[in-house]
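Enquirer: Need coordinates for the following:
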Amino acid sequence: MNTKQKLHQLRMNEWTTRFSNQKTSGLTIKEWCNQNNLSIHTYNYWKHALKEELASQVLPDIVPIVIPETPASPAPIVSNDSALTNCVIRSIAKLTYNNISIEFDSDISEAFLVTIIKAVRHA
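Expert: Here you go, the predicted model:
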C-alpha cells in the first residue's frame with residue numbers, strides 16, 4: 001500500500017469514527033457539524049466516499065455484456081454427396097483465462113469478442 005492509499009484509508013477510518021460519534025450524539029447532522037466546525041458539504045462528501053469504498057469492497061465488478069443479434073446461419077454447403085447435404089461447416093474457438101473457459105463460433109464479431117475478453121479479465 002503506497003502513501004496515498006494509506007492516507008486515504010486513515011481518512012476513511014477517521015470519518016467512520018465521526019459518523020458513529022454523530023449518530024450517538026443525538027444531534028442532527030447540521031448541529032453536529034456546527035459543533036465540530038465542519039460543513040455539511042464535507043460531511044456528505046465523506047459519507048458518499050465511505051459508501052463507495054464499502055461498496056467496492058463488498059460488491060464484485062459488474063461488467064455488462066451486450067449480446068449482439070445472432071446473424072443468420074451460413075448457407076448450407078451444396079454437394080452431390082448425400083452425406084454432406086445440408087451440412088454447415090463451422091470452426092469453434094476456445095478462450096481460457098484465469099480458469100474460465102468460453103467456447104464460441106469463429107464467426108463471432110470482433111466487437112463482441114473484445115467485450116467477452118474484458119468481462120473475463122474482470123471476473
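
Enquirer: Check which helices and strands the helix ranked longest in the chain sits against.
Expert: When the chain is scanned for its longest helix (criterion: DSSP state H), the result is helix 3-25. Contact analysis of helix 3-25 by 3 or more CB pairs under 8 Å, 6 or more residues apart in numbering; DSSP states H and E lists helix 29-35, helix 40-58 as its packing neighbours. Heads up, the C-betas are built off the backbone N, CA and C, glycines and all.

Enquirer: what's the distance between I92 and T3?
Expert: Relative to T3, I92 is positioned 49 Å away (criterion: CB to CB, to the nearest Å).

Enquirer: Same check on K94?
Expert: Counting by CB to CB, the gap from K94 to T3 is 44 Å.

Enquirer: Where does the prediction get shaky in the chain?
Expert: Counting by pLDDT under 70, the low-confidence segments of the chain come to 58-91, 97-98, 106, 120-123.

Enquirer: so what are the domain limits for this structure?
Expert: 3-58, 62-123 (automatic domain parsing).

Enquirer: For the longest helix of the chain, which outside residues touch it?
Expert: For helix 3-25, contacts defined as CB atoms under 8 Å, 6 or more residues apart in numbering pick out M1, I29, W32, N36, Y43, W46, K47, A49, L50, E53.

Enquirer: Could you figure out how far it is turned away from helix 40-58?
Expert: An angle of 110 degrees separates the directions of helix 3-25 and helix 40-58 when computed by axes from the mean of the first three to the mean of the last three CA atoms, to 10 degrees.

Enquirer: quick one on the thing from earlier: if you compare the helices and strands packed on helix 3-25, which one is most tucked away?
Expert: Mean neighbour counts were taken over the helices and strands packed on helix 3-25 using mean count of other CB atoms under 10 Å, and the top value, a mean of 14, falls to helix 29-35.

Enquirer: Check which helices and strands that helix sits against.
Expert: Using 3+ CB pairs under 8 Å, 6+ apart, the elements in contact with helix 29-35 are helix 3-25, helix 40-58.
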